[in-house]
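>>> I would like the atomic coordinates for the input below:
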Amino acid sequence: MKYLLYRSFGNLDQDVKKHELLAVEYGKDIYDVTDALIKAAADDLPVCRNTKSMRPPPSLRSGQGFP
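Next comes the predicted model:
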């Protein structure tokens with residue numbers, strides 16, 4: 001199944017054409033692609049120098065490739 005993740009820049013109901021595609025993932029169910037979608041969203045966030053810590057998605061917390 002194909003899962004699409006969009007970012008909205010305005011009112012979700014009124015500004016339908018202002019959405020931007022953020023990630024596309026394929027998997028058997030939403031649970032199969034959740035970590036990849038979270039990582040795609042996190043990678044797209046601007047870097048904040050004042051952030052003290054950031055928790056990676058659960059599957060990456062054991063050091064499986066999280067930078």
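
>>> near residue 37, how many other residues are there?
Neighbour count of residue 37, defined by other Cβ atoms under 10 Å: 19. Any C-beta I mention is one placed from the backbone N, CA and C, and that applies to glycine too.

>>> looks like it contacts residue 7 (just checking).
No: Residue 37 is beyond contact range of residue 7, at 11.9 Å (criterion: Cβ atoms under 8 Å).

>>> for residue 29, which non-adjacent residue is closest in space?
residue 1 (6.9 Å; Cβ to Cβ, 6 or more residues apart in numbering).

>>> look up how far residue 45 lies from that neighbour.
From residue 1 across to residue 45, the span is 26 Å (Cβ to Cβ, to the nearest Å).

>>> got the contact list for residue 46?
With contacts defined as Cβ atoms under 8 Å, 6 or more residues apart in numbering, residue 46 is in contact with no residue.

>>> how about the helix or strand residue 40 falls within: buried residues?
Applying DSSP states H and E as the criterion places residue 40 in helix 30-44. Within helix 30-44, the residues that qualify as buried by neighbour count (16 or more other Cβ atoms under 10 Å) are 33-39.

>>> in the protein, what residue spans correspond to strands?
Assigned by DSSP state E, the strands in the chain fall at 2-7, 20-26.

>>> partner residues bridging residue 7?
Beta-bridge partners recorded for residue 7 (DSSP bridges): residue 20.

>>> these two touch, right, it and residue 23?
No: look at residue 7 against residue 23 with Cβ under 8 Å: they stay out of range, at 9.5 Å.

>>> which one of those two has more residues nearby?
residue 23 (18 against 12).
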